[in-house]
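Undergrad: Need coordinates for the below:
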Amino acid sequence: MISRKLIRTDLNLLVALQVLLEERNVTRAAERLSVSQPALSKTLQKLRDSFEDELFTRTAHGLVPTPRAEELGRELPALLDMVDRVLGSTDFSPDTFAGSFKLLLPPILCESLLPGLMADLHENAPNVQIITAEVAPHYQDQLKKGEADFAAFVALETERDILAEPIAAIAPRCYMRTDHPLVKKEINLQDFLAYPHLRLYLPGLTRENTSMVDDVLGQYGVHRSIVLETTQFSSAVGVLTRTDSLLVANAGFQEGGLYTDRIIGQELPGELQRMIHNTHSSNRGKMSLMRHTRTSRSAPHQWMRALLMKHLTASAEVVQPAPGPTPLFSDGAVAGSK
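TA: Alright, predicted model coming up:
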């Protein structure tokens with residue numbers, strides 16, 4: 001039976017309460033709700049009257065929820081998700097949808113993903129805006145608070161309400177300048193090790209997630225000479241074009257077409273490919289596309305998830321993985337690791 005209190009309750013108040021709990025700041029909450037700060041202050045007073053509790057206290061660091069508000073915060077996400085499913089429309093068309101998605105991406109992934117993704121959107125969903133930012137240490141909190149829609153990163157540990165979908169491993173290539181001495185020959189392991197190397201890494205990972213290539217080579221007692229570590233593929237390209245250095249990275253960079261006249265990608269030496277296939281490496285983190293459960297039944301988010309997965313893997317061959325989780329080749333080195 002529906003209670004009188006429920007009949008008198010404006011469900012928009014609950015939406016405002018959830019946003020206030022996420023933001024802990026009236027200004028930011030008002031911006032997300034597209035209302036003025038005075039209007040949100042009145043809404044907060046209505047919430048206090050309805051729940052007969054202060055709900056928040058103001059401090060120099062923002063709003064601090066009361067125990068009652070924290071209790072409500074544990075119940076509201078599931079409740080609002082259910083209401084959203086009940087009210088949501090099943091009609092969704094990318095060509096007429098107008099909205100934005102914020103993606104948290106490592107710099108090297110932006111290089112291979114965005115050209116194809118934006119071309120696809122330009123053709124099929126012209127009113128969609130993409131906003132990108134680098135992956136910060138608190139990226140899971142950003143997904144929870146609605147400050148980001150998707151994050152692509154190595155999912156070492158995810159919280160219960162974060163959905164992580166593994167991205168298929170992509171065949172790596174050995175990149176070099178277009179007039180490099182190795183361009184016209186089939187590269188063997190001796191050739192590969194004879195030249196200096198650049199190494200891309202994903203910032204923020206621990207020492208346990210260093211480069212898989214170097215981890216595998218080390219298990220066979222051989223090493224390559226690393227002269228530069230960077231998070232920026234474009235910077236690495238500049239170095240490749242002016243030196244004899246080599247770089248191991250995703251095949252997707254070549255298919256993107258941004259550097260066609262400057263660098264070329266060759267297959268890794270057959271010996272190295274067999275070593276990778278036959279060697280168990282503990283340094284194989286699973287690159288995943290992550291999102292919050294709040295968006296799991298949103299038609300626009302479902303569509304964007306599928307589009308992202310398509311472009312994260314469509315431009316390159318998929319590696320037949322060795323036992324254990326497989327990585328997206330950044331070459332995976334860690335900032336500051338040696």
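Undergrad: Spit out the contact partners of the closest residue in space to residue 94 that isn't next to it in sequence.
TA: In this structure, residue 94 finds its nearest non-sequential neighbour in residue 125, 4.0 Å apart by C-beta to C-beta, 6 or more residues apart in numbering. Backbone N, C-alpha and C define where each C-beta goes, glycine included. With contact taken as C-beta atoms under 8 Å, 6 or more residues apart in numbering, residue 125 is in contact with 94, 95, 97.
Undergrad: Highest neighbour count among those residues?
TA: Neighbour count (other C-beta atoms under 10 Å) singles out residue 94 as the most crowded of these, with 17 neighbours.
Undergrad: Give the buried residues for the host helix or strand of residue 108.
TA: Under the criterion of DSSP states H and E, residue 108 resides in helix 107-124. Neighbour-count burial for helix 107-124, with 16 or more other C-beta atoms under 10 Å as criterion, is recorded at 107-117, 120-121.
Undergrad: next SSE after that helix?
TA: From helix 107-124 onward toward the C-terminus, using DSSP H and E, the following helix or strand is strand 128-133.
Undergrad: starting at the chain centroid, how far to the helix or strand just after that next one?
TA: Downstream of strand 128-133, the next assigned helix or strand under DSSP H and E is helix 139-144. The chain centroid and the centroid of helix 139-144 are separated by 11 Å, computed with C-alpha atoms, centre = their mean, to the nearest Å.
Undergrad: what packs against helix 139-144?
TA: When contacts are defined as 3 or more C-beta pairs under 8 Å, 6 or more residues apart in numbering; DSSP states H and E, helix 139-144 packs onto strand 150-154, strand 162-166, strand 287-292.
Undergrad: To residue 44, which of these lies closest?
TA: Across the helices and strands packed on helix 139-144, residue 44 has its closest neighbour in strand 287-292 (24.4 Å, C-beta to C-beta).
Undergrad: Show me what that closest one is packed against.
TA: helix 139-144, strand 150-154, strand 162-166, helix 299-313.
Undergrad: per-residue confidence averaged over the first one?
TA: The average pLDDT within helix 139-144 is 92.
Undergrad: same question, the last one
TA: Averaging pLDDT along helix 299-313 gives 91.
Undergrad: Stretch 47-65 too?
TA: Per-residue pLDDT over stretch 47-65 has a mean of 89.
Undergrad: in that stretch, what's buried?
TA: Buried residues in stretch 47-65, counting neighbours by 16+ other C-beta under 10 Å, are found at 47, 50, 51, 53, 55, 56, 63, 65.
Undergrad: Nearest spatial neighbour of the last one, chain-adjacent residues omitted?
TA: The reference is to residue 65. Here the nearest residue to residue 65 in space, its sequence neighbours aside, is residue 56; by C-beta to C-beta, 6+ apart that works out to 5.6 Å.
Undergrad: same question, the fourth one
TA: Counting by C-beta to C-beta, 6+ apart, residue 53 lies nearest to residue 68, which is 4.2 Å off, once chain neighbours are set aside.
Undergrad: thought residue 20 was touching residue 44?
TA: Yes - between residue 20 and residue 44 there is a contact at 6.9 Å, judged by C-beta atoms under 8 Å.
Undergrad: Looking at these two, which is more packed in?
TA: Between residue 20 and residue 44, counted using other C-beta under 10 Å, the more crowded position is residue 20 (26 against 20).
Undergrad: List the buried residues in stretch 299-311.
TA: For stretch 299-311, a neighbour-count test (16+ other C-beta under 10 Å) marks 300, 301, 303, 304, 305, 307, 308, 309, 311 as buried.
Undergrad: what does stretch 12-21 give?
TA: Applying a neighbour-count criterion of 16+ other C-beta under 10 Å, the buried positions in stretch 12-21 are 14, 15, 16, 17, 18, 19, 20, 21.
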